[in-house]
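Peer 1: Below are the sequence and a predicted model; questions follow.
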Amino acid sequence: MSAPSSSRGATGTATARPGPGAVRLTALHTRAQLLETVRVPVAVVGTIVFPTLTMLFFVVPQPFADVPARATAATAQISLFAVMSVCLFTYGVGVAEDRALPWDSYLRTLPVGAGPRLAGRLLNGLAFALASLVPLVLVAWLLTAATLPLDRLLLTTGALAAAALPMLGLGLWIGYRMTTKAALAVAQALLLPLAFGGGLFLPPDLFPGWLDAVSRWLPTRAGRDLVVSATTGVDLPATTWPVLAAWGLLTAALAVRAYRRDEGRRFR
Amino acid sequence: MTSHPAPEATGPDADAPPLARLVGATRRYGDVVALDGVTLDVPAGQLLGLLGPNGAGKSTLLQLLCGLRRPTSGTVELFGRPPWEPAGRARLGMTPQETGLPPTLRVGEVVDVVAGHHPDPVPTAELLERFGLAELRRRQTGGLSGGQKRRLAVALAFVGRPRLVLLDEPTTGLDVDARHDLWDAVREYHRGGGTVVLTSHYLEEVEALAERVVVVDRGRVLVDGTLDEVRSAVPARRVRLRAAALPDLGAERVVSHGDHHELWATDADALVRRLVQSGSEFSELEVSSPSLEEAFLAVTAAGGQDRGTHDRGTHDHGTHLHGEQHRTPTRDPRPAQTSEGPR
């Protein structure tokens, strides 16, 4: 084996040659992360199939599956659940795992800033969220009375994205703040209470009064109301936007703080 | 590959700014001081060996140089910039830890990821060919042997045609042949004008490669000099024996625990001769050539309890051995530590 000489650099002739731009680096990191994930089929299948299974078990057999408005709302709720679990697991647990790996440390020594690596991560999560929505929407379309007029599709996508923002912040905060084990525990501890309390499994009109009152303060409830309103056109409660915005700002601040303080593993 | 000697290839250029520099760099982790006021220049074209036991601060030093961590106090520069700025790392080459390759990516893909960060990378096929990995291009890194992983890890340091390469224990776990191949690769890169900072547990490796040796222990630079200067600063042989009463044998350092004695000497033959001629009773005689850093540790550790006849001035932290050795009356205030066994 023989090492390439440092010819160009050592003679000082090519010092000003610029490196690849941010777009190329983002594409590079997105592709590498996707490849890494896709080569572990179990993880992919788990992320993509779980929401659809939830739909099959908890919505399709119910009588309300034949009522268009109810079925559409239920589909919207479970879509948000799918996006939420991607945020908590792909971003929360996934980021914590990556930070513990020497490869992540190595990537930080390459001439690339935090931007392209983070962008690659976000695009990756987006790809998985979309991938998990496809079978979900197919099941809703084929096996329930849920309908989504084309003119509401764009609105619904936007609503899902807005509803996902606090979850994204929460996921990134977990990922950059915690170790893998803690991240897994916290993500699991948050997922089901937030999903149930936010009315993603049972619609909130079935909640007792006290639970409904608590629920209105949760980011998942605000997100759920937004997405359901986008799909079915029901009125939006006045609390939705303020609650969503407050949670969005809070989790974003937490995530940014955790990200700035992160130096990979906290030991030598 | 034929090397084209660059202007710097003849040796470090005294006028050129250093490629990397630490000035009073201290790094703490909570209460633990991993690096304690280290000042170090890495001039262009130098091959610098960093020696020291685990936990000495070598890794922290490299992590500061490559921007993974920031100093708690003091400054660190890479090509005249803070290393945590991506542009500062443009001409830096580094090896990941062997266990750190993403197991599901193929060898070629891993090289491509790294190459994508550089303006003028070595073509992947060419790089793999040079490091004897061409046939493994389609293999996932998780399926490689330890030696193959290490070769890939080292190859990655050279993808971007770096001016400075940081090699963190590049040959740990390699067999002798692979180790020598890797040494050749490092030498060739250095001949072509490249600058290398290498950490190692092995004196042999540092002897084979480095022009300059820096010994680090407990976060401080113990010794910094040429290999010859460093070697002459410590006795090279360790003589162990048991004796009820030990005569003065002219050892450079003696550490005694009851009737167990450890004597350090440059010339062990003469010492053993004197021992035999003295006629004293002894048993369990053992002569060994410990690693350079073991010798340093024994010497520094002995500071608190030695009754040796010479003080070779190796305890003064940060002593530069350029030219003559400093003789210093400073005693190392730290408690003695035992340095038994392989590190």
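Peer 2: Cool, got the structure.
Peer 1: what does the stretch 101-250 of chain B put close to chain A?
Peer 2: Contact residues, the stretch 101-250 of chain B versus chain A (C-beta under 8 Å from any C-beta of the partner chain): B:101-102, B:104-105, B:109, B:113-114, B:116-120, B:122, B:126-127, B:130-132, B:140, B:151, B:156, B:158, B:160-163, B:181-182, B:184-186, B:188-189, B:191-195. For glycine as for every other residue, the C-beta is placed from the backbone atoms N, C-alpha and C.
Peer 1: Emit the PyMOL select command for whichever of those residues are buried.
Peer 2: The following PyMOL line selects those of these that are buried, judged by 16 or more other C-beta atoms under 10 Å in any protein chain shown:
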select buried, chain B and resi 101+102+105+109+113+114+116+117+118+122+127+130+131+132+140+151+156+158+160+161+162+163+181+182+185+186+188+189+191+192+193+194+195
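Peer 1: Could you tell me which of the residues of the stretch 101-250 of chain B next to chain A are located in strands?
Peer 2: Using DSSP state E, the subset of those located in strands is B:T195.
Peer 1: tally of neighbours for A:V45?
Peer 2: A:V45 has 10 neighbours, counted by other C-beta atoms under 10 Å in any protein chain shown.
Peer 1: cool, B:S289 as well?
Peer 2: So B:S289, with other C-beta under 10 Å, has 12 neighbours.
Peer 1: A:A222 and B:R28, how far apart?
Peer 2: Distance of A:A222 to B:R28, computed by C-beta to C-beta, to the nearest Å: 43 Å.
Peer 1: for A:A96, what are its contacts?
Peer 2: A:A96 is in contact with A:I174, A:G175, A:Y176, A:M178, A:T179, A:T180, A:A182, A:A183, A:L184, counting by C-beta atoms under 8 Å, 6 or more residues apart in numbering or on different chains.
Peer 1: Next, work out how far apart the residue lying closest to the last one once chain neighbours are set aside and A:L122 are.
Peer 2: Meaning A:L184. Sequence neighbours aside, A:V93 is the residue nearest to A:L184 in space, at 5.2 Å (criterion: C-beta to C-beta, 6 or more residues apart in numbering or on different chains). Separation of A:V93 from A:L122 (C-beta to C-beta): 16 Å.
Peer 1: the longest helix in chain B is where?
Peer 2: helix B:176-191 (DSSP state H).
Peer 1: Tell me which other helices or strands it touches.
Peer 2: helix B:146-157, strand B:164-168, strand B:195-200, helix B:203-209 (3 or more C-beta pairs under 8 Å, 6 or more residues apart in numbering or on different chains; DSSP states H and E).
Peer 1: Pipe the ones you listed into a markdown table and attach mean pLDDT per row.
Peer 2: Listed next are the helices and strands packed on helix B:176-191 as a markdown table, based on pLDDT from 0 to 100:
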| stretch | mean pLDDT |
| --- | --- |
| helix B:146-157 | 90 |
| strand B:164-168 | 93 |
| strand B:195-200 | 91 |
| helix B:203-209 | 82 |
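Peer 1: Adding distance to B:R91, write those out as JSON lines.
Peer 2: Shown next, in JSON lines, are these (distance: least, C-beta to C-beta, whole Å):
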{"stretch": "helix B:146-157", "distance to B:R91": "12"}
{"stretch": "strand B:164-168", "distance to B:R91": "7"}
{"stretch": "strand B:195-200", "distance to B:R91": "10"}
{"stretch": "helix B:203-209", "distance to B:R91": "21"}
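Peer 1: What is the neighbour count of the closest residue in space to B:F131 that isn't next to it in sequence?
Peer 2: Leaving aside its sequence neighbours, B:F131 sits nearest to B:A155 (C-beta to C-beta, 6+ apart; 4.0 Å). For B:A155, the neighbour count with other C-beta under 10 Å is 28.
Peer 1: residues contacting B:A155?
Peer 2: In this structure, B:A155 makes contact with B:V111, B:L127, B:L128, B:R130, B:F131, B:L133, judged by C-beta under 8 Å, 6+ apart.
Peer 1: What about these, which are in helices?
Peer 2: Short answer: the contacts of B:A155 in helices (DSSP H) are B:V111, B:L127, B:L128, B:R130.
Peer 1: Quickly note the distance from the second one to B:G52.
Peer 2: Look at B:L127 and B:G52: by C-beta to C-beta, they are 31 Å apart.
Peer 1: Next: the third one.
Peer 2: From B:L128 across to B:G52, the span is 33 Å (C-beta to C-beta).
Peer 1: Among these two, which residue is more densely surrounded?
Peer 2: Neighbour count, other C-beta under 10 Å: between B:L128 and B:G52, B:G52 has more, with 27 against 21.
Peer 1: Just say helix, strand or coil for the closest residue to the more buried one other than its chain neighbours.
Peer 2: Spatially, and ignoring its direct neighbours in sequence, B:G52 is nearest to B:V216 (3.9 Å; C-beta to C-beta, 6+ apart). With DSSP: H, G, I helix; E, B strand; the rest coil as the basis, B:V216 sits in strand.
Peer 1: Pull the contacting residues for B:V216.
Peer 2: If you count contacts by C-beta under 8 Å, 6+ apart, B:V216 has them with B:V38, B:L50, B:L51, B:G52, B:A56, B:G57, B:K58, B:L61, B:L222.
Peer 1: if we look at the sheet, which residues does it bridge to?
Peer 2: Under DSSP bridges, the beta-bridge partners of B:V216 are B:V221.
Peer 1: A:D235 against A:D225, yeah?
Peer 2: No. The pair A:D235 / A:D225 is not scored as a contact, 9.4 Å apart, by C-beta atoms under 8 Å.
Peer 1: ok, these two, which is more surrounded?
Peer 2: A:D225 (27 against 8).
Peer 1: quick one: average pLDDT of the helix or strand that one falls within?
Peer 2: Using DSSP states H and E, A:D225 sits in helix A:219-232. In this model, helix A:219-232 has an average pLDDT of 94.
Peer 1: That helix - contacts with which helices or strands?
Peer 2: helix A:68-85, helix A:150-177, helix A:180-197, helix A:240-261.
Peer 1: And the nearest residue to A:G169 once chain neighbours are set aside, how far from A:L53?
Peer 2: In space, A:G169 comes closest to A:T251 once its chain neighbours are excluded; the distance is 2.8 Å by C-beta to C-beta, 6+ apart. To A:L53, A:T251 is 28 Å away according to C-beta to C-beta.
Peer 1: Have a look at the ones in helices among the contacts of B:A155 and tell me the least confident one.
Peer 2: Comparing the ones in helices among the contacts of B:A155 by pLDDT, B:R130 comes last, at 88.
Peer 1: Relative to B:L92, how far out is that one?
Peer 2: Counting by C-beta to C-beta, the gap from B:R130 to B:L92 is 19 Å.
Peer 1: sorry, back to before: can you name the two of the contacts of B:A155 that sit furthest apart?
Peer 2: B:V111 and B:R130 (11.4 Å; C-beta to C-beta).
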